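show me how the following folds:
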Amino acid sequence: MWPLNDIGLTKTTALRSDNFIDTIELLPPPKAAALAFYAGSGPKPERYARAVVQFGGRAVPVIESLKIGPLPLSLATKVEPLHDIYHQPLVPFNARGFTIRVSSFLFLLIMTQS
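The predicted structure follows:
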C-alpha cells in the first residue's frame, strides 16, 4: 500500500506525459456487509473510493485502478492497486480513453468544420 502522496500526481494542468486522476468514484461496500448493517446485525461497512490514474510520467506509461480508503481521508487511509475486480491490472497507455479536455477539443474541432 502507498501513502497518498507517493502517487506523483501533477498539481497543475496535466499533460499526457504526467500522472493524473482521470476518474474517481465511490466503491459499493460488499453486499453481505451492507445487508448485515441494514438488518441491524453488523457494523457500518467501511467505504472506499476507486481512482483511475493515468501514469503518463512512468518509463512505460500505464493506466491503473487504485482503491483508496477507508474514507473519509485520515492517517489510516491507504492506496493500493485494485486488481481483485478487474481482469487486467494495468491498461496499456495507448488503450486509454479520452479525457474530458481532449473530448471537448475534438467536439469543437468537428463542430467548426463546416
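
contacts and neighbour counts: CA atoms only from here.
Noted.

which residues in the protein form strands?
Secondary structure of the chain (DSSP state E): strands at 19-27, 47-55, 62-71, 78-81, 90-92.

CSV for those, including mean pLDDT, mean neighbour count and distance to Ala39?
Listed next are the strands of the chain as CSV, based on pLDDT from 0 to 100; neighbours: other Cα atoms under 10 Å; distance: least, Cα to Cα, whole Å:
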stretch, mean pLDDT, mean neighbour count, distance to Ala39
strand 19-27, 87, 16, 21
strand 47-55, 89, 20, 18
strand 62-71, 89, 20, 22
strand 78-81, 88, 18, 29
strand 90-92, 66, 14, 38
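
okay if I get these as JSON lines plus distance to Thr12?
Output for those, formatted as JSON lines (distance: least, Cα to Cα, whole Å):
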{"stretch": "strand 19-27", "distance to Thr12": "10"}
{"stretch": "strand 47-55", "distance to Thr12": "15"}
{"stretch": "strand 62-71", "distance to Thr12": "19"}
{"stretch": "strand 78-81", "distance to Thr12": "21"}
{"stretch": "strand 90-92", "distance to Thr12": "24"}
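
show me what the residue lying closest to Lys67 once chain neighbours are set aside bridges to in the sheet.
Using Cα to Cα, 6 or more residues apart in numbering and skipping the chain neighbours, the partner closest in space to Lys67 is Arg50 (4.9 Å). Applying DSSP bridges to Arg50 gives these bridge partners: Glu25, Lys67.

numbering from 22 from now on, please.
Taking 22 as the first residue, the last one we looked at is Arg71.
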